[in-house]
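Peer 1: Sharing a model that was predicted from the sequence below.
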Amino acid sequence: MKFAALALVVSFQAVAAQPVLLDCTYEARASGDMLTVRSCAAKDEQGRIRLSPQQLAQLKYDRYGLAGVFVEGWYYVGRDGRSAAVMAFDNGPDPFAEGLARSPADGKIGFVDRRLRTVIPASFDGAFPFANGLAVVCVGCRREAHDEHTVFVGGSWGCIDRQGRTVVALHAAPGYTPCPQSK
């Protein structure tokens, strides 16, 4: 009986080590069409996606060497294969605003730069793109569907700068509260 239980544990560990292959949707380099490719990516332990060199060669990259890829959510992927999850915006990856894009991790939102480095850790329940050097963020807010869009409501709202420093302290508000204009 002990040997049967040991064999079950060993076989389970071997199966768990197999990567799960996921489908990808991206803009093709050659045609510019959106393609869905079966089993083209896998996720690593940190939640980053990994594409084969053959798949990376098929992507249409922007002038910064990044391509948007949908794999159970949007990612930016570099020519070298590094990747970062980003928020969805208008059926695509969140565009970079002032060099930063919103990036979800563990149910929170932070920001990544064009090198796909986390520059502001994911610690907000809601965040808006940067404008005039500041981003509106909220803690304790929740997402609420309104027609085809989702908004953040409730919680505490404030503003951060591009280094993640608080510029307007968090304060209770029913929803989006704009940042003051920079001088």
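Peer 2: Right, received. Where do you want to start?

Peer 1: Who is the closest residue to Gly126 other than its chain neighbours paired with across the strands?
Peer 2: With CB to CB, 6 or more residues apart in numbering as the criterion, Gly126 has its nearest non-adjacent residue at 3.5 Å, and that residue is Phe152. Bear in mind the C-beta positions are built from the backbone N, C-alpha and C, glycine included. Phe152 forms beta bridges with Arg143, as assigned by DSSP bridges.

Peer 1: what's the answer for Thr166, then?
Peer 2: Beta-bridge partners of Thr166, as defined by DSSP bridges: Ile160.

Peer 1: who's in contact with the residue nearest to Gly126?
Peer 2: 125-126, 138, 141-144, 175-176 (CB atoms under 8 Å, 6 or more residues apart in numbering).

Peer 1: Which of the residues you listed scores worst on pLDDT?
Peer 2: The member of those with the lowest pLDDT is Gly175, at 83.

Peer 1: For burial, what's the neighbour tally of it?
Peer 2: By other CB atoms under 10 Å, the residues close to Gly175 number 14.
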